[in-house]
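[1] Output the structure for:
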Amino acid sequence: MPAARIPLGLPRFDAAAIAQAAARLTPRDYQVLEHLLHHRVLTTHQLQRLFFTKPQPTRRRLGILYKLHTITRYRPWTPYGGSAPCHWVLGRAGAELLALRSHTTVKELGYHPDLAMSISVSAKSGHQIGVNDFFVHLCHLARHTPEAHLRSWLSEKQCATIWGGLARPDAFGCWHENGHQIDFFLEHDTGSMTLAKVADKLAAYTDLADTTQITTPVLFWLPSRARETNLRPLITTTEIPIATAVQTDLDDGPAGPCWLPIPSQSSQGRMRLADLANAWPHLTLGRSPEQPTTANDSYDDYLDSLFPKEDESR
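    Reported below is the predicted structural model:
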């Protein structure tokens, strides 16, 4: 039988090589691999905000993971000079290790050796980075705010697995802050689609709510004030809760007072993300049965346990 094709630049992996790599990985390393599996691509800065504290230990540890072939990287071309940050993608050895931990196969994980190349040339990679940045900001705020917790972050692929073809959100999240909690679907807008098509997406969310009997807010994260102003009149449905905001990293970013619900009064002020839980008193917001229903913040607690560990000697 002919040997399986090995992509250029990758070693032929065997049990000994995988065992050697596994011996050097920490629990935080596995969290990095899991995030890259689910969320496809993360920049150095995003990984630092998620799992580290300082730039130098971040780069050092990512360099070690890269040499172990657990992650790989590319750097996008920038048309106006300068240098784009490294973009990190799950590597071949990383996929093997995750498959072993999950008692499954690399194929069943949905991993392909050419993943990094396909992502690097995809026109959607910038959109994916933007979606991930939204949740990275929430994770980073939760690290430094005892009353805040990101209780769920599901990727587009994970959403498709749960809700099938009824709706295709860019992500699903559950955010808790100061006693308020909200589930939401995220629509991250880059301005590449006509506003009419953006508004048309709401029909699928209406069908999803009718099918599941769960009313979940849809949040539009828009690139400019003008685009937000022009989109809002096109949204006429009142069957599902909707809010819009202009992309910002000021005042706690997407967790901060940047959201304007639909419908809204002329005197309506911008609201914090968690406060949107009370923005539609005429609707009863539900919770997805796939999400935790208790105050268990194990995701945050687990990440918190990793942050002080800056020993990169392994």
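
[2] Any idea how many residues pack against P55?
    When neighbours are defined as other Cβ atoms under 10 Å, P55 has 11 of them. Yep, even glycine has a C-beta here, placed from its N, CA and C like the rest.

[3] wait, what's in contact with the closest residue in space to it that isn't next to it in sequence?
    Spatial nearest neighbour of P55, chain neighbours left out: Q48 (6.3 Å); criterion: Cβ to Cβ, 6 or more residues apart in numbering. Contact analysis of Q48 by Cβ atoms under 8 Å, 6 or more residues apart in numbering lists 54-55, 58.

[4] so which strand or helix has Q48?
    Using DSSP states H and E, Q48 falls within helix 44-51.

[5] Go ahead and measure how far that helix is from the middle of the chain.
    12 Å (Cα atoms, centre = their mean, to the nearest Å).

[6] Restrict it to CA atoms and write it as CSV.
    Extracted in CSV, the C-alpha atoms of helix 44-51 (Å, rounded to 0.1, in the frame of the first residue of the first chain):
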residue,chain,number,x,y,z
THR,A,44,-0.8,36.5,18.6
HIS,A,45,-2.5,39.4,20.3
GLN,A,46,-5.8,37.6,20.6
LEU,A,47,-4.1,34.5,22.2
GLN,A,48,-2.2,36.8,24.6
ARG,A,49,-5.5,38.4,25.8
LEU,A,50,-7.1,34.9,26.1
PHE,A,51,-4.4,32.9,27.8
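
[7] Which SSE is immediately downstream of it?
    helix 55-67.

[8] State the next helix or strand along the chain beyond that next one.
    Next element after helix 55-67 (DSSP H and E): strand 71-74.

[9] Strand partners (parallel or antiparallel) of that next one?
    strand 87-90 (antiparallel) (DSSP bridges).

[10] Can you report the mean pLDDT over the residues of the partner strand?
    Mean pLDDT, computed over strand 87-90, is 96.

[11] Check which helices and strands the next helix-or-strand element following that strand is in contact with.
    Remark: after strand 87-90, the chain's next helix or strand is helix 92-101, criterion DSSP H and E. Here helix 92-101 touches helix 15-23, helix 27-39, helix 106-109, going by 3 or more Cβ pairs under 8 Å, 6 or more residues apart in numbering; DSSP states H and E.

[12] what's helix 92-101 in contact with?
    Contacts of helix 92-101 (Cβ under 8 Å, 6+ apart): 7, 10, 13, 17-18, 21-22, 25, 30, 33-34, 36-37, 65, 68-72, 90, 105-106, 108-109, 111, 113.

[13] The same query, at a cut-off of 6 Å, please.
    For helix 92-101, contacts defined as Cβ atoms under 6 Å, 6 or more residues apart in numbering pick out 10, 18, 21-22, 33, 37, 69-71, 105-106, 109, 111, 113.

[14] Dump those to CSV, plus distance to T236, pLDDT and neighbour count.
    CSV is the format used below for these (distance: Cβ to Cβ, whole Å; pLDDT from 0 to 100; neighbours: other Cβ atoms under 10 Å):
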residue, distance to T236, pLDDT, neighbour count
L10, 52, 49, 13
I18, 55, 89, 18
A21, 54, 91, 21
A22, 54, 92, 17
L33, 44, 98, 22
L37, 39, 96, 21
H69, 52, 92, 20
T70, 49, 95, 28
I71, 45, 96, 25
T105, 47, 93, 12
V106, 46, 91, 17
L109, 42, 92, 15
Y111, 42, 90, 19
P113, 47, 80, 18
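
[15] now the residue most central in space within the chain, nearest residue through space, not along the chain?
    Nearest residue to the geometric centre of the chain (Cα atoms, centre = their mean): N132, 3.8 Å. Counting by Cβ to Cβ, 6+ apart, H39 is the residue found nearest to N132 once chain neighbours are left out, at 5.2 Å.

[16] my guess is that neighbour contacts V131, does it?
    No. Look at H39 against V131 with Cβ atoms under 6 Å: they stay out of range, at 8.0 Å.

[17] Output the below-cut-off pLDDT ranges for this structure.
    1-13, 81-82, 287-314 (pLDDT under 70).

[18] Which parts of it are helices?
    Taking DSSP state H to define them, one finds helices in the chain at 15-23, 27-39, 44-51, 55-67, 92-101, 106-109, 115-120, 125-144, 156-163, 195-200, 202-212, 225-231, 298-306.

[19] Tell me which of these sits nearest to L276.
    Among those, the nearest to L276 by Cβ to Cβ is helix 125-144 (13.5 Å).

[20] Show me which residues of that closest one are buried.
    Within helix 125-144, the residues that count as buried by 16 or more other Cβ atoms under 10 Å are 125, 127-143.
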